[in-house]
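> coords please:
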Amino acid sequence: MLVTGFPAEAFGTNCYVVASAPGEQCLIVDPGIGVLDTLAEVLAEHRLHPAAVLLTHGHLDHTFSVAPVCGARGITAYIHPGDLEMLADPEKGLSMSLEAMFGGRIAYAVPEDVAELTDGATLSLAGLEVTVDHAPGHTGGSVLFRLPGAGSAWEAEQLCLSGDVLFAGSIGRTDLPGGSTDTMLASLRDKILPLADDTVVLPGHGPETTIGRERASNPFLLELVDRSAR
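Purely as a prediction, here's the structure:
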């Protein structure tokens with residue numbers, strides 16, 4: 001299995017490309033700001049053909065390039081309904097206007113073909129089986145994408161594309177519109193902690209990690225583990 005990622009030009013958002021093998025169809029996860037040129041290079045290098053775009057949530061730094069990526073290939077964008085409003089109007093997920101944030105107007109468009117993700121669903125796309133876990137808290141529609149890791153560079157039992165739910169050593173912020181600390185803690189308890197220690201986590205920002213590493217050292221998970229042990 002082929003899994004590769006690279007940071008976007010803004011905010012260091014990780015864009016991932018996942019395929020069963022080089023030369024096959026692929027999934028693009030979270031095409032953020034300024035990713036189009038690098039994405040085209042990755043697709044050409046591995047001879048990949050995009051089948052769909054998966055969005056871990058609706059924040060602009062994860063969705064900015066979704067319309068051009070989908071429109072150029074006639075493919076569908078998948079997002080949880082909790083963040084559909086944000087996909088249509090990115091300012092609904094920001095603490096300031098786009099003009100204030102970027103110093104002027106930016107060219108953002110909504111993809112023509114959008115499908116909704118549901119908790120617990122398994123998507124059969126590009127020869128891959130992807131499980132969807134609704135994990136709100138960072139946003140109302142945040143999700144995890146899990147898929148078997150055998151054959152990947154990590155030879156792990158499972159891979160988890162965690163978006164902005166879980167990072168190496170931290171978690172996603174909850175102070176933006178639609179965020180909730182209590183809901184985030186519930187998602188970490190119910191969706192993250194049950195995962196196997198050898199699950200490789202590919203987060204929305206920063207380096208990869210594992211559930212076992214985070215369970216042992218991430219202060220937010222340590223607090224939850226301590227609570228459950230009382």
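> the strands in the protein, which residues?
2-7, 14-19, 25-29, 49-54, 76-79, 114-116, 122-125, 128-134, 143-148, 158-163, 166-167, 170-171, 200-203, 209-210 (DSSP state E).
> now mean neighbour count and mean pLDDT too, for these, in a markdown table please.
In short, each C-beta sits where N, CA and C put it, glycine included. A markdown table is the format used below for those (neighbours: other CB atoms under 10 Å; pLDDT from 0 to 100):
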| stretch | mean neighbour count | mean pLDDT |
| --- | --- | --- |
| strand 2-7 | 17 | 97 |
| strand 14-19 | 24 | 98 |
| strand 25-29 | 25 | 98 |
| strand 49-54 | 21 | 98 |
| strand 76-79 | 22 | 98 |
| strand 114-116 | 14 | 98 |
| strand 122-125 | 14 | 98 |
| strand 128-134 | 19 | 98 |
| strand 143-148 | 22 | 97 |
| strand 158-163 | 26 | 98 |
| strand 166-167 | 24 | 98 |
| strand 170-171 | 20 | 98 |
| strand 200-203 | 22 | 98 |
| strand 209-210 | 20 | 98 |
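> let's have these in TSV, adding distance to residue 67.
Output for the strands of the chain, formatted as TSV (distance: least, CB to CB, whole Å):
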stretch	distance to residue 67
strand 2-7	20
strand 14-19	15
strand 25-29	13
strand 49-54	10
strand 76-79	8
strand 114-116	10
strand 122-125	19
strand 128-134	22
strand 143-148	20
strand 158-163	19
strand 166-167	27
strand 170-171	29
strand 200-203	24
strand 209-210	31
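> which among the ones you listed is found nearest to residue 223?
Closest approach to residue 223 among the strands of the chain is made by strand 170-171 (10.7 Å; CB to CB).
> so what touches the closest one?
Applying CB atoms under 8 Å, 6 or more residues apart in numbering, the external contacts of strand 170-171 come out as 138, 165, 184, 188, 218, 220.
> which of those sit farthest apart?
138 and 218 (15.1 Å).
> more neighbours: which of those two?
Legend: neighbour count by other CB atoms under 10 Å for residue 138 and residue 218, higher for residue 138 (28 against 22).
> what distance do you get for the more buried one to residue 185?
Between residue 138 and residue 185 the computed distance is 12 Å (CB to CB, to the nearest Å).
> quick check: residue 73 touching residue 52?
No - look at residue 73 against residue 52 with CB atoms under 8 Å: they stay out of range, at 9.5 Å.
> and residue 69, how many neighbours?
21.
> setting aside sequence neighbours, what's the nearest residue to it?
For residue 69, ignoring the flanking residues on the chain, the nearest one in space by CB to CB, 6 or more residues apart in numbering is residue 31 at 4.9 Å.
> and if you look at residue 195?
residue 211 (4.7 Å).
> also residue 56?
In space, and not counting its chain neighbours, residue 56 is closest to residue 163: 2.7 Å by CB to CB, 6+ apart.
> bridging residues for that neighbour?
residue 203 (DSSP bridges).
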